[in-house]
Structures are given as C-alpha cells and as structure tokens.
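S.K.: Build me a structure from this.
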Amino acid sequence: MHGTVDLRGAGPEVLAGVLRLNRAVEEKTSVLDGAALDRLLAASCDAPAIIGPGGEVLAFLIGFAPGADYASPNYRWFCDRLARFAYVDRVVVSEAARGQGLARRLYARFEAFAAGAGLERVVCEVNSHPPNPGSDAFHAAMGFEEMGRGSPAPGKTVRYLVRALPGAGG
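M.R.: This is a model prediction of the structure:
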C-alpha cells in the first residue's frame, strides 16, 4: 500500500504506525492508545494518512465537524463559539518526512472535505506551553490567525487558531 488512505478503514499495521508516530509527539498532541484511536476515528469526519512506498505511515490528520461525539475541551471551545467549522484534532508528520509538504497535502484534502460539506473555516489549537514553534510557523504560513487562548489541562496552554476557507461566507 502506498499513497493516501482513510484511517477509518485502515488495517492494523497502518493503525499501529499511527500510534507510533503519535507517541513521538504526544507532548505536542496528546497520548493516544488503540482504544482512544478507535474512538477518535469513529467520531471523525475525515482521517487521511499518507503511506510511504515501504508501507510506513509518513503523516496523518484526524478531523471533526460540528456535532461530533467528541469531548475534547479544545473541540468544545470551538463548538461554543462557532457553527460551521472543521476542526483539526491533530496532524502529525514523521521526523524523516518533514519538509516535504505532507502536512499541506493533508490540510488541502481536509479543507476540500470541509468546503464540500458547506463549512466556512478550519480551526485547530497549537500549544504555547509547552511550545510548539514548528506548528506555530506552519499554521502562520498557512494563514491561520489566533482567535483565543486557553488552558485545557494542567501545565498546557494553547492558542486557538482559525482560517476562513476560500469562498466561505463567514
């Protein structure tokens, strides 16, 4: 297998690769085990992954639409403030594959999904404590703007970011 796949129908080898990638960055995302990944995928609206020629997971994104059965305080923060948004819960790119445009490819797919669903903006959060300068730079380059800040867990502070979809009315 090689190319882009939907994690919601992926086999155990791919899901194990997602868990390995997430483990490497869980300070910047959050801890994820097999059961939690299954719950995320069941509630998600889109979950693409990019698979390398050797079958390895190079990058993945898990996203949600409004009304998802998802209790994340960050997702709920957006639910309390916006109506027609697509939420990126996490986007992770393997260390070896960084700088190849994979996160941009995943965002482009997710944004196409969101636009097709009539949503107006894409939102996410980025840690400010502990800091995540790589994600800050990526999202700034993609045109995201801060719309708020929060502390969803002890020792963690985030910036809530938003970017209007091209042609969206809001």
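
S.K.: what's the longest helix in this structure?
M.R.: The helix of greatest length in the chain, counted in residues with DSSP state H as the criterion, is given as helix 102-116.

S.K.: what element comes up after that helix heading to the C-terminus?
M.R.: Along the chain past helix 102-116, the next helix or strand (assigned with DSSP states H and E) turns out to be strand 121-129.

S.K.: which residues touch that following strand?
M.R.: Residues from elsewhere that reach strand 121-129 (C-beta atoms under 8 Å, 6 or more residues apart in numbering): 28, 74, 77-78, 82, 84-89, 91, 107, 110-111, 114, 132, 135-136, 139, 144, 147, 149-150, 152, 155-165, 168, 170. Placement of C-beta: from N, CA and C, glycine included.

S.K.: Narrow these to those that are buried.
M.R.: Under a neighbour-count criterion of 16 or more other C-beta atoms under 10 Å, the subset of these counted as buried comprises 28, 74, 77-78, 82, 84-89, 91, 107, 110-111, 114, 132, 135-136, 139, 144, 152, 156, 158-163, 165.

S.K.: Quick check: which helices or strands does the longest helix of the chain pack against?
M.R.: strand 48-51, strand 57-64, strand 85-93, strand 121-129 (3 or more C-beta pairs under 8 Å, 6 or more residues apart in numbering; DSSP states H and E).

S.K.: what helices or strands is the first one leaning on?
M.R.: Using 3+ C-beta pairs under 8 Å, 6+ apart as the contact criterion, the secondary-structure elements in contact with strand 48-51 are strand 3-6, helix 12-24, strand 57-64, helix 102-116.

S.K.: So which residues make contact with it?
M.R.: Contacts of strand 48-51 with the rest of the structure, by C-beta under 8 Å, 6+ apart, involve 1-7, 10, 14, 17-18, 57-61, 97, 102, 105-106, 109-110.

S.K.: Just the CA coordinates for it, please, in PDB.
M.R.: The C-alpha coordinates for strand 48-51 follow below in PDB (Å, rounded to 0.1, in the frame of the first residue of the first chain):
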ATOM      1  CA  PRO A  48      -6.400  10.800   5.900                       C
ATOM      2  CA  ALA A  49      -2.900   9.300   6.200                       C
ATOM      3  CA  ILE A  50       0.000   9.300   3.800                       C
ATOM      4  CA  ILE A  51       1.700   5.900   3.400                       C
END
